[in-house]
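Undergrad: mind looking at a prediction? Sequence and model below.
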Amino acid sequence: MDESAEEKIRPELTRSEKLVWCGQPPQGFMLRAADALLIPFSILWGGFAVFWEVTAIAMGAPVFFVLWGIPFVLMGLYITVGRFWADARRRASTVYAVTSERVLIVSGVWTRSVKSLDIASLTDMALTERRDGAGTITFGSVPYFYGWYAASGWPGLAAQQVPSFDLADGARQVYEQIRAVQKASRQHA
């Protein structure tokens, strides 16, 4: 187990809980499937916004037109590069845990957020595994377009996310650990 992840998770555990596994999502810069569309869109958006600003300033347009373009330039900067930084920062502050009673997701850059799911009552759990052993364990049903916006780094979407573990390796092993704990907790109930 990752010691720093364990330190972050310990305050959330009850006295009767046993920590089975804890870890973190992949760290650093990360491309996702949605980036196949988001990157070209962000370049077009940012390019047009910069073109607008440069043209408005060069042509001596009224101040309103110069000011009008500033939010679009800022949004262009965010969707071009800022969202990658925000996503990496969010993942760096996220910790996952499987205990004898719950599945926990502790996250938050500015404020601490704890998502706790009773392990015995988890009914809809899915594993998406890649060849390299990385994968995602999702807890709950996933909306149709979820993959396009789920981890885009766009502000406010974290509240819309289906609880999940995004793992760099060993996704199947963690999935099997959760199933084993589920089975044991249902037998004791």
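TA: Now that the structure is in, tell me what you want to look at.

Undergrad: now the element after the one helix or strand L67 maps to, going C-ward?
TA: In this structure, L67 sits in helix 63-77 according to DSSP states H and E. Using DSSP H and E, the helix or strand that directly follows helix 63-77 along the chain is helix 83-92.

Undergrad: convert the C-alpha atoms of that following helix to CSV, please.
TA: In CSV, the C-alpha atoms belonging to helix 83-92 read as follows (Å, rounded to 0.1, in the frame of the first residue of the first chain):
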residue,chain,number,x,y,z
ARG,A,83,-7.5,21.8,-17.9
PHE,A,84,-4.5,19.4,-18.0
TRP,A,85,-3.0,21.2,-15.0
ALA,A,86,-6.4,21.1,-13.1
ASP,A,87,-6.9,17.4,-13.9
ALA,A,88,-3.4,16.5,-12.7
ARG,A,89,-3.9,18.6,-9.5
ARG,A,90,-7.2,16.9,-8.8
ARG,A,91,-5.7,13.5,-9.3
ALA,A,92,-2.8,14.3,-7.1
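
Undergrad: now the helices for this protein?
TA: Remark: helices assigned in the chain by DSSP state H are 3-9, 35-58, 63-77, 83-92, 146-149, 171-188.

Undergrad: can you check which of those helices gets nearest to G108?
TA: Nearest to G108, of all the helices of the chain, is helix 83-92, at 8.5 Å by Cβ to Cβ. Backbone N, C-alpha and C define where each C-beta goes, glycine included.

Undergrad: the inter-axis angle of the closest one versus helix 35-58?
TA: 130 degrees (axes from the mean of the first three to the mean of the last three Cα atoms, to 10 degrees).

Undergrad: mean confidence for helix 83-92?
TA: Taken as a whole, helix 83-92 has a mean pLDDT of 93.

Undergrad: packing partners for it?
TA: If contacts are counted by 3 or more Cβ pairs under 8 Å, 6 or more residues apart in numbering; DSSP states H and E, helix 83-92 sits against no helix or strand.

Undergrad: any weak-confidence spans in this protein?
TA: Applying pLDDT under 70 to the chain flags residues 1-2, 143-160, 189.

Undergrad: circling back to that earlier point, in JSON lines, list the helices of the chain along with mean neighbour count and distance to K115.
TA: Output for those, formatted as JSON lines (neighbours: other Cβ atoms under 10 Å; distance: least, Cβ to Cβ, whole Å):
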{"stretch": "helix 3-9", "mean neighbour count": "15", "distance to K115": "12"}
{"stretch": "helix 35-58", "mean neighbour count": "15", "distance to K115": "25"}
{"stretch": "helix 63-77", "mean neighbour count": "14", "distance to K115": "29"}
{"stretch": "helix 83-92", "mean neighbour count": "16", "distance to K115": "13"}
{"stretch": "helix 146-149", "mean neighbour count": "15", "distance to K115": "16"}
{"stretch": "helix 171-188", "mean neighbour count": "15", "distance to K115": "15"}
